[in-house]
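In: I need the structure of the sequence given here:
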Amino acid sequence: MITIQGIDPNMIANNLEPAFPTHPGEILKEEIGCRGISQRKLAEQMGISHSVLNEILNARRPVTEKTAMMFEAALGVDAEPLMRLQMRYNMRAAKKDKSFMQRLENIRKVAAML
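Out: Residues are numbered from 1 along each chain as shown. Below is the predicted model:
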C-alpha cells in the first residue's frame, strides 16, 4: 500500500481495488480476439478441448500453471503475469466467502490465546 503523509491511503488511486477482480481469461479472450485467432484453432494448437478453452476465456475455469505455460507457448503471453492475475482473482473470491472469512476469524482468535 502506498502512503503519503497527510493523505488518506484509501484516496490514493494505486491503493484502490477494482469492484470486480480480473480473471486472466478475460485478458486472453481480448488478446485472441485482437489477433483474429479462432478459439477452436487455438484449442487445437494447445492440445486442449474447445470447451475447456472456452471455460477459461469466460472465467468459468481457472488458468493453471500448465495452461498458462501453454498460452505462453501459443501466444507469447508471459505465464507468470497470468498466474498472478489468477492468484489475485482467487484471493478476492476467497475474501468474499463469508463462511470462510468467519473461519479465519475463529482461527485468529484461537491463535491469539496461545
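
In: strands of the chain, residue ranges please.
Out: With strands called from DSSP state E, the chain shows none.

In: what about it, any weak spots by pLDDT?
Out: The chain contains residues with pLDDT under 70 at 14-19.

In: pull the contacting residues for the residue most central in space within it.
Out: Centroid check for the chain by C-alpha atoms, centre = their mean gives Gln86 as the closest residue, at 2.4 Å. Shown in contact with Gln86 (C-beta atoms under 8 Å, 6 or more residues apart in numbering): His23, Pro24, Pro62, Val63, Ala68. Every residue, glycine included, has its C-beta placed from N, CA and C.

In: try it again at 7 Å.
Out: Residues in contact with Gln86, defined by C-beta atoms under 7 Å, 6 or more residues apart in numbering, are Pro24, Pro62, Val63.

In: repeat for Gln39
Out: If you count contacts by C-beta under 7 Å, 6+ apart, Gln39 has them with Ile32, His50, Leu53, Asn54, Leu57.
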